[in-house]
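K.L.:
Sequence and predicted structure below; questions after.
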Amino acid sequence: MATIEVDGRTYEVQDGSNLLAECLSLGLDLPYFCWHPAMGSVGACRQCAVIQYKDAEDTRGRLVMACITPVADNLRISLNADVARQFRADNIELLMINHPHDCPVCEEGGECHLQDMTLMTGHTSRRYRGRKRTHRNQYLGPFVNHEMNRCIACYRCVRFYNDYAGGADLEVLGIHNNVYFGRHEDGTLESEFSGNLVEVCPTGVFTDKPFSDRYTRKWDLQTAPSVCVHCSLGCNTTPGERYGELRRIVNRYHGDVNGYFLCDRGRFGYGFVNSDLRGRFPRIERQPVAVAGTAIEHFRTQIRSAKGIIGIGSPRASLEANFTLRELVGETNFFLGLDETEHDLLESILGILANGGIHTPTLRETEQADAVLILGEDVTHSAPRLALSLRQSVRNATFDLARQLKIPRWLDAAVRQLEGQVQSPLFIASVHATRLHDSAAETFHGSPEAIARLGFAIAHSLNPESPLPSGLDEAEEALAALIAGRLREAKRPLIVSGTSCASLAVVQAAYNIARALPAQNKGLLYALPEANSLGLTMIGGRRLKDAFARVQDGSADTMVILENDLYRRAPAPQIDAFLDAARHVAVIDHLENPTTAKAGLLLPAATFAESEGTLVNNEGRAQCYFPVYPAQEPILAGWEWLIRVMDNPRWHHFRDLTSACAAAIPALAGIERFPAEEHLPKIPRQPHRYSGRTAMHADVSVIEPPPPQDCETPFAFSMEGDTVHVPPALLPVVWAPGWNSNQAINKFQDEVAGPLRSGNPGIRLIQASGMLPWFDRIPPAFVPERGFWRIVRLPNIFAGEELSAHSAPVAERFPDACVFVNPEDAETLAVSNGDSVEIRYELELSSLRIPVRIDSTMPAGLLGITAGLPPFRHLPNGARVALIKAGPEAPAKTGENQ
Amino acid sequence: MLSQLRSLWEVLKHTFVKADTVEYPEQKPALSPRYRGRIVLTRDPDGEERCVACNLCAVVCPVDCIALQKTEDENGRWYPEFFRINFSRCIMCGFCEEACPTCAIQLTPDFEMCEYDRQNMVYEKEHLLIDGTGKYHDYNFYRVAGMAIGGKAKGQAENEAPPVDLKTLLP
Ligand code: SF4
Ligand code: SF4
Ligand code: SF4
Ligand code: SF4
Ligand code: FES
């Protein structure tokens, strides 16, 4: 702690930090541009000037930039001294000289950091009458708009895109006063984190393109705290709605999880909510019905007349919805709705998390790891935000070196100078090259078996009690020893694995390594397939194949399928047979899909944006999302459909349901403590400047409808209520006087970039305890079979997730449909890049023509396909296929055999 | 006493003065152009819609009676997809006109807006948009703003230099 004096008042501040961060932590208003809480200081914009005095006698002082001035005990500064104020005002005036007269047509307007800072310094009218410099814009792809005239050259964009996120295609071009921030030519920004530019850029140069198409000012968006539903990490988001349509998603700060950044799937994947595929009405035997009541009556009759009923839950539905279904059908009739392998993997992972005794780090903690091994995951595609965190972890060695050299860690440019000298090790064992390879110390490519075997070898090398795979070659042994050596030295080693390889051995090898590590502060993290995969596994239920058996043997004839497209879980013929055999199939879901097409009764479910629910992320953190806007009758939340169909429901409200769920399932007992209890007065979802209330519905009727009531959550669908006594974790809108941009978050944190005041959202349900025996099921090495290939499904950030794939801008970023083969295999097949091959897959009796991409990192005998792309939907992981070079006379019909 | 008599005298005197009130509706009062009555949306001197859908009028409106939605033409020009004023709520305060950065929204001296059916007080863009420039004849926002639109490329707005050539090394 240090004591500093600011404008005559003394404060206690963090030693070793910089003045700007500390002033902001103290709640003082000091304008800045180039500093970013996650990226540190470079002192480029000269906006944060303050006066520093030598001692109590010094009355003149000197101008310093607060962001590059370390805090020291007895430091005396002034923010309000005339010289400092004048300097800041002049600086803004200079920055604004070329600024276009754009605010009314700028997407940033109303949440623009530049607007805020300009007002804060008091520069309100332009004196400069000369000519303004102009720039041409670039096309940057479906996610981000470019309007270069608005740039103030703070360099935040390239610092984020290149330095922080490892991108390579955003550059600073031009010279002196003409610097330009863009690509070397028009084209899609390649980084999977490009959407963060929208929030990182303090001006309207980079703006959200899909949002601009359906633009609304920030003050007109109705919002509620939410959680991303597109992968297992559970990043916190703020979705915004206007006129009954979800308009955008921005980051919601969570000190332990996503911090300041989201991935592009999470930011732009919401399009499915507005999609034409949404079911808006219940359907009985293909006939739409207008009111929910009719459908519910029908549902009741079906259930009453059922010989046996089964319920199939879903890893993308909330705990509450799954729990209600389990209560409706009874515990023995509740099935998890996962494919066989996934079921095994998730159960095994839950066992490891709960009883393995190894801490599962938060994303924030993963950034602090000083040695990382990724075993069998391409995290950029399977848990995207984690890739960004792991990229930061390799910098820890640099930070240590900087500390020795007495360079503060926030002095970004100086610390980055050291980057070439040392690096914390990142080891990646994956099927083929991943996006993190540029940061990796060593990489290994192989089949899932090979990855698992390498993992077991590392574990053995760390602790000889862990079993050793037989028949490793020398290179593998050497690599295992090398990795083990570096992991052993580390103080905070981290093992990352997951379900992408669909291999139990990989998951178990990761545990063996983690257990064998000597360090106290070790971590083990698994990336899971879907947003609530872990939650569903914690509720627990039976296997999908048992459900098939129940229908086959006639002991069940009625089924309720909750938010689950079964055709993604098992081969189509099997699901066809299953659904056809049942007398009644009731499906509750948001989007039309092959399963809903077979439903005798379809009940349209509200999405995350229109309903409430709890999800458990991959670290075991239960987090709540709240409805942003009311679901339009007859659309209801999944849990509500299920409650309404019960004869004598024991619960009527979401809160009661959460409590019941906590009481019934010991593993979930923690969610009882959710702050979802009554908050009176309610918390308004609409900002205090929300406009158009008396006109927005006036085209329908001039008589204003009362605002919809929300009896389930602490929020109100209106502007009225309390925003002052609300814990920041529950605040829908981040806003403070003078701070209209997202950077107002400074005002709601304990300290800059620290936890939210009164705590980060969510409750960790799993505390590491116990220890498991060494896993010893080591798979034999994979040997390619002549003439046959084995399918490996490679996850993809854009195509790989069911819901986000229905968002138009995300669909634009789908990779080309092609198969990845090893160069030697290509030679055997006599194909070169771009040639087509025919895939023959016995079980389906179908063949598929598809172009080849030769990938030198692809292991021989494996055929890589991008999971989620339409042509590959029916090719399961591990399928054995034959390949033939396709003749040039390509028949027009390619692969779209949906 | 004296003051009372004087007051009586003053009042009496007015009997012979011409009345200020007019016999409305037979006689129409002369209203100044800045009178705050029925609101219109105007066009710029080139005849294009002035409103750029910035939402400033809507947010400043104390009774929240303006609602609109931004859209874009094929050349990137912003304009409202719909623009609605609920005149049954409007208090003719004129804040919207003051807030409007493009001189699009203007109050006019027409105050005769009576309807038997309140629903008819809801005006959509087709009811609001007039053909002329209203009170402010010259201003054309897009000539000043830096955004490129159809017919005006980068560097062609007022006081703009031609776009920077990034390839040049000249100072
Ligand atoms: S970047 Fe900010 S200041 Fe510049 S035009 Fe946009 S809203 Fe206005
Ligand atoms: S584009 Fe934005 S972030 Fe990049 S330098 Fe310009 S103002 Fe800063
Ligand atoms: S990393 Fe996962 S949870 Fe986070 S934003 Fe991306 S898809 Fe959503
Ligand atoms: S303030 Fe003017 S330009 Fe902006 S929306 Fe209103 S009428 Fe249109
Ligand atoms: S914030 Fe300090 S110089 Fe930019």
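P.N.:
Good, I have the coordinates. Numbers count the residues shown, from 1 in each chain, chains lettered A, B, ... in the order given. Ligands and ions are numbered 1, 2, ... in the order given.
K.L.:
Please state the offset of stretch A:457-471 from the chain centre?
P.N.:
34 Å (CA atoms, centre = their mean, to the nearest Å).
K.L.:
List the buried residues for that stretch?
P.N.:
A:457, A:458, A:459, A:460, A:461, A:462, A:463, A:466, A:467, A:468, A:469 (16 or more other CB atoms under 10 Å in any protein chain shown). Bear in mind the C-beta positions are built from the backbone N, C-alpha and C, glycine included.
K.L.:
Let's verify the fifth one: helix, strand, or coil?
P.N.:
When states are read from DSSP: H, G, I helix; E, B strand; the rest coil, the local structure at residue A:461 comes out as helix.
K.L.:
The second one too?
P.N.:
The three-state label given to residue A:458 by three-state DSSP is helix.
K.L.:
who touches it in this structure?
P.N.:
Going by CB atoms under 8 Å, 6 or more residues apart in numbering or on different chains, residue A:458 touches A:373, A:480, A:483, A:484, A:487, A:509, A:513, A:516.
K.L.:
Identify the residue nearest the second one in space, chain neighbours excluded?
P.N.:
What sits nearest to residue A:480 in space, not counting adjacent residues and going by CB to CB, 6 or more residues apart in numbering or on different chains, is residue A:457, at 3.7 Å.
K.L.:
can I assume the one you found is in contact with residue A:468?
P.N.:
Yes. Counting by CB atoms under 8 Å, residue A:468 is a contact partner of residue A:457 at 6.7 Å.
K.L.:
one step back: from the contacts of residue A:458, which ones fall inside helices?
P.N.:
Counting by DSSP state H, the contacts of residue A:458 place A:480, A:483, A:484, A:487, A:509, A:513, A:516 in helices.
K.L.:
if we can go back for a sec, out of the contacts of residue A:458, who's nearest chain B?
P.N.:
residue A:373 (42.7 Å; CB to the nearest CB).
K.L.:
what's the neighbour count on that closest one?
P.N.:
Residue A:373 is flanked by 28 other residues according to other CB atoms under 10 Å in any protein chain shown.
K.L.:
pLDDT wise, what is residue 1 at?
P.N.:
No chain was given, so I picked chain A. pLDDT recorded at residue A:1 is 88.
K.L.:
Please refer instead to chain B.
P.N.:
The model's pLDDT for residue B:1 equals 84.
K.L.:
same deal with residue A:842?
P.N.:
Predicted confidence (pLDDT) for residue A:842: 69.
K.L.:
now do residue A:591
P.N.:
96.
K.L.:
which residues in chain B form helices?
P.N.:
B:2-13, B:56-60, B:95-99, B:125-128, B:141-144.
K.L.:
what about the last one, average pLDDT?
P.N.:
For helix B:141-144, the mean pLDDT works out to 96.
K.L.:
what's near enough to touch the residue positioned nearest the centre of chain B?
P.N.:
Per CA atoms, centre = their mean, the C-alpha nearest to the average position across chain B is that of residue B:106, at 1.3 Å. For residue B:106, the contacting residues are B:39, B:40, B:41, B:42, B:97, B:100, B:134, B:135, B:136, by CB under 8 Å, 6+ apart.
K.L.:
My guess is the fifth one contacts residue B:105. True?
P.N.:
The one in question is residue B:97. Yes. Using CB under 8 Å, residue B:97 is in contact with residue B:105, at 5.6 Å.
K.L.:
Report the set of residues contacting both of these two.
P.N.:
Joint contacts of residue B:97 and residue B:105 (CB under 8 Å, 6+ apart) are B:39, B:57.
K.L.:
Among the contacts of residue B:106, which ones lie close to ligand 4?
P.N.:
residue B:100 (CB under 6 Å from any ligand atom).
K.L.:
Could you list the contact residues of chain A toward ligand 5?
P.N.:
Residues of chain A found near ligand 5 (CB under 6 Å from any ligand atom) are A:20, A:32-35, A:43-48, A:65, A:67.
K.L.:
5 Å - rerun?
P.N.:
Contact residues (CB under 5 Å from any ligand atom) of chain A with ligand 5: A:32, A:34, A:35, A:43, A:45, A:48, A:65, A:67.
K.L.:
Please, which helix or strand holds the fifth one?
P.N.:
Right, residue A:45. Residue A:45 is part of no helix or strand when elements are defined by DSSP states H and E.
K.L.:
Over to the first one?
P.N.:
Following DSSP H and E, one finds residue A:32 outside all helices and strands.
K.L.:
so what pLDDT did it get?
P.N.:
97.
K.L.:
you'd agree it is up against residue A:67?
P.N.:
Yes. Assessed by CB under 8 Å, residue A:32 is found in contact with residue A:67 at 6.2 Å.
K.L.:
Common neighbours of the two, please.
P.N.:
A:20, A:48.
K.L.:
any idea which strand is longest in chain B?
P.N.:
strand B:78-86 (DSSP state E).
K.L.:
my bad, chain A
P.N.:
strand A:846-854.
K.L.:
Sort out which residues of that strand are buried, please.
P.N.:
For strand A:846-854, by 16+ other CB under 10 Å, it's A:847, A:848, A:849, A:850, A:851, A:852, A:853, A:854.
K.L.:
For residue A:428, see how far away the last one is.
P.N.:
Right, the one you point to is residue A:854. According to CB to CB, to the nearest Å, residue A:854 and residue A:428 sit 21 Å apart.
K.L.:
ok, now the first one?
P.N.:
Using CB to CB, residue A:847 is found at 34 Å from residue A:428.
K.L.:
quick one, what contacts the nearest residue to residue A:626 once chain neighbours are set aside?
P.N.:
Spatially, and ignoring its direct neighbours in sequence, residue A:626 is nearest to residue A:224 (4.1 Å; CB to CB, 6+ apart). The contact partners of residue A:224, taken as CB under 8 Å, 6+ apart, are A:239, A:625, A:626, A:627, A:628, A:685, A:713, A:715, A:732.
K.L.:
how close does residue A:224 sit to residue B:92?
P.N.:
35 Å.
K.L.:
repeat for residue A:103
P.N.:
26 Å.
K.L.:
Quick check on those two: which one has the bigger neighbour count.
P.N.:
Higher neighbour count among residue A:103 and residue B:92: residue A:103, with 19 against 15, using other CB under 10 Å.
K.L.:
Among the contacts of residue B:106, which lie within strands?
P.N.:
Short answer: these in strands (DSSP E) are B:39, B:40, B:41.
K.L.:
Now do the contacts for residue A:666.
P.N.:
With CB under 8 Å, 6+ apart, residue A:666 has no contacts at all.
K.L.:
Check it and give its pLDDT.
P.N.:
At residue A:666, pLDDT is 95.
K.L.:
distance of the residue nearest to residue A:117 when sequence neighbours are not counted from residue A:614?
P.N.:
Nearest-residue entry for residue A:117: residue A:31, 4.1 Å, with adjacent residues in sequence omitted and distances by CB to CB, 6+ apart. Distance check for residue A:31 against residue A:614: by CB to CB, it reads 40 Å.
K.L.:
what's the helix or strand for residue A:341?
P.N.:
Counting by DSSP H and E, residue A:341 is found in helix A:340-355.
K.L.:
can you give me the offset of stretch A:739-758 from its chain's centre?
P.N.:
20 Å.
K.L.:
and if you look at stretch A:188-201?
P.N.:
14 Å.
K.L.:
Need the distance between the two termini of stretch A:126-133.
P.N.:
15 Å (CA to CA, to the nearest Å).
K.L.:
So it, near chain B or not?
P.N.:
Yes. Counting by CB under 8 Å from any CB of the partner chain, contacts between stretch A:126-133 and chain B involve A:129, A:130, A:131, A:132, A:133.
K.L.:
what's that stretch in contact with?
P.N.:
A:93, A:96-100, A:149, A:177-178, B:146, B:159-161, B:164.
K.L.:
Identify each buried residue in it, please.
P.N.:
For stretch A:126-133, burial by neighbour count (16+ other CB under 10 Å) applies to A:132, A:133.
K.L.:
Report the mean per-residue pLDDT for that stretch.
P.N.:
Rounded mean pLDDT across stretch A:126-133 is 94.
K.L.:
Which stretches in the stretch 201-350 of chain A count as helices?
P.N.:
Ranges of helices within the stretch 201-350 of chain A are A:209-213, A:264-268, A:292-304, A:319-329, A:340-355, based on DSSP state H, counting those that start in this stretch.
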